[in-house]
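Enquirer: Here you go, sequence then predicted model.
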Amino acid sequence: MIFSSIYSNDDFRAYPAAIRRVIDYLKSNDFVSMEPGVYDLEGKDIYVQVFDAETGPVEEKKPESHKEYLDVQFLASGEEKLGFTPDTGKYEIAEYIQERDLIFYKSVENEGFIHAVPGCFSIFFPHDIHRPAVAANENMTVRKVVVKVRASLI
């Protein structure tokens with residue numbers, strides 16, 4: 001997992017080329033004004049989901065992971081906490097939606113949380129279980145951008 005901000009002074013040279021392209025895309029778009037939807041960046045290899053989400057109590061948000069894609073989760077407005085923990089292989093799967101490359105877990109252990117504000121991005125790799133849209137201080141609507149990057153590009 002990586003957590004940073006598009007406003008960082010880092011030039012992101014150490015990141016893989018596909019991630020640098022995603023960060024450039026995040027820096028050059030106004031997602032608050034953009035219509036929600038799915039946007040093609042590089043076909044099925046890299047695509048963008050823009051949507052509004054409701055934050056809520058941690059108990060109401062499911063931990064998840066993916067097999068084929070990594071998530072670059074970007075917060076355009078609002079604030080949220082995101083849970084994260086390594087996939088140890090011992091967590092019970094609650095649901096696997098193969099066509100969406102989405103695995104939900106019943107519960108996880110040793111979960112840490114990061115606090116995201118506009119401009120923050122988190123990169124969750126297939127071995128990272130994450131729990132998005134947890135309320136930071138109060139429930140609210142946030143504008144999220146999730147860029148799906150095929151793991152084989154990294």
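Expert: Great, that's in hand. This structure is a prediction, so every number in the text was calculated from the model and none was measured.

Enquirer: Nearest residue to the residue most central in space within the chain in space, please, no chain neighbours.
Expert: The residue lying closest to the centre of the chain (C-alpha atoms, centre = their mean) is residue 73, at 2.8 Å. Distances taken as C-beta to C-beta, 6 or more residues apart in numbering place residue 122 nearest to residue 73, at 4.8 Å, with adjacent residues excluded. Where C-beta positions appear, they are placed from N, C-alpha and C, glycine not excepted.

Enquirer: Do I have it right that the one you found meets residue 83?
Expert: No: assessed by C-beta atoms under 8 Å, residue 122 is found out of contact with residue 83, at 10.6 Å.

Enquirer: Go ahead and list the helix or strand containing residue 53.
Expert: Applying DSSP states H and E as the criterion places residue 53 in strand 46-54.

Enquirer: if we can go back for a sec, joint contacts of residue 122 and residue 83?
Expert: Listed as contacting both residue 122 and residue 83 by C-beta atoms under 8 Å, 6 or more residues apart in numbering are residue 130.

Enquirer: all strands for the chain, in order.
Expert: Assigned by DSSP state E, the chain shows strands spanning 2-5, 37-42, 46-54, 64-65, 69-77, 80-86, 93-97, 102-105, 112-116, 120-124, 128-134, 141-150.

Enquirer: Take those strands and write them to CSV, including distance to residue 11.
Expert: Formatted as CSV, these follow (distance: least, C-beta to C-beta, whole Å):
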stretch, distance to residue 11
strand 2-5, 12
strand 37-42, 21
strand 46-54, 20
strand 64-65, 29
strand 69-77, 17
strand 80-86, 24
strand 93-97, 37
strand 102-105, 33
strand 112-116, 21
strand 120-124, 15
strand 128-134, 24
strand 141-150, 19
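
Enquirer: Adding mean pLDDT and distance to residue 16 as columns, could you present these in JSON lines?
Expert: Formatted as JSON lines, the strands of the chain follow (pLDDT from 0 to 100; distance: least, C-beta to C-beta, whole Å):
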{"stretch": "strand 2-5", "mean pLDDT": "95", "distance to residue 16": "11"}
{"stretch": "strand 37-42", "mean pLDDT": "96", "distance to residue 16": "13"}
{"stretch": "strand 46-54", "mean pLDDT": "98", "distance to residue 16": "12"}
{"stretch": "strand 64-65", "mean pLDDT": "98", "distance to residue 16": "19"}
{"stretch": "strand 69-77", "mean pLDDT": "98", "distance to residue 16": "10"}
{"stretch": "strand 80-86", "mean pLDDT": "98", "distance to residue 16": "20"}
{"stretch": "strand 93-97", "mean pLDDT": "97", "distance to residue 16": "27"}
{"stretch": "strand 102-105", "mean pLDDT": "97", "distance to residue 16": "23"}
{"stretch": "strand 112-116", "mean pLDDT": "97", "distance to residue 16": "21"}
{"stretch": "strand 120-124", "mean pLDDT": "97", "distance to residue 16": "10"}
{"stretch": "strand 128-134", "mean pLDDT": "98", "distance to residue 16": "16"}
{"stretch": "strand 141-150", "mean pLDDT": "98", "distance to residue 16": "9"}
